[in-house]
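Visitor: sequence? don't have it. structure:
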């Protein structure tokens, strides 16, 4: 039962941090050049949104076991998305779309969300 509470509590914190990361990505990408609207901006927003959406969808499972199983099944998709969320801000920084402080803030949020995903998907 303690494990169930830990996972459910972690999922709520993970969802909250994931949501904050999505909001921050939407804020910072709103100032990207218009030429990036259908490239980097869309890709980064979709990747961040996908991670949070998977956490929320998994929470609809009735038991912790079902939730962990869901995260396990979607792990590949989540990992692909989270890696894009790690890489695309670096790419954007190197192109001059993000300053160093914003980049570091996004990376800190990324690390928090990635850490929660590891916690949530651990047996």
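Guide: Yep, it's here. Not measured: the values here are computed from a predicted model.
Visitor: per-residue pLDDT, residue 20?
Guide: Residue 20 is assigned a predicted lDDT (pLDDT) of 89.
Visitor: distance of the nearest residue to it once chain neighbours are set aside from residue 78?
Guide: Excluding its sequence neighbours, the residue lying closest to residue 20 (Cβ to Cβ, 6 or more residues apart in numbering) is residue 109, at 6.3 Å. Glycine gets a C-beta too; all of them are placed from N, C-alpha and C. For residue 109, the distance to residue 78 (Cβ to Cβ, to the nearest Å) stands at 16 Å.
Visitor: try residue 16
Guide: 17 Å.
Visitor: what residues of the helix or strand encompassing residue 67 count as buried?
Guide: Per DSSP states H and E: residue 67 is located in helix 64-73. For helix 64-73, a neighbour-count test (16 or more other Cβ atoms under 10 Å) marks 64, 67, 68, 70, 71 as buried.
Visitor: over to stretch 27-39?
Guide: Using 16+ other Cβ under 10 Å as the burial criterion, the residues of stretch 27-39 that qualify are 28, 29, 32, 36.
Visitor: show me the contacts for the first one.
Guide: Read that as residue 28. Counting by Cβ atoms under 8 Å, 6 or more residues apart in numbering, residue 28 makes contact with 98, 102, 106.
Visitor: same deal with the second one?
Guide: By Cβ under 8 Å, 6+ apart, the contact set of residue 29 is 36, 40, 41, 44, 45, 92.
Visitor: which of the residues you listed fall in helices?
Guide: 40, 41, 44, 45, 92 (DSSP state H).
Visitor: more neighbours, residue 16 and residue 78?
Guide: residue 78 (23 against 15; other Cβ atoms under 10 Å).
Visitor: surely the more buried one meets residue 114?
Guide: No. Using Cβ atoms under 8 Å, residue 78 is not in contact with residue 114, being 9.6 Å away.
Visitor: just the helices in this protein please.
Guide: Counting by DSSP H, the helices of the chain are 2-29, 40-59, 64-73, 75-94, 100-121.
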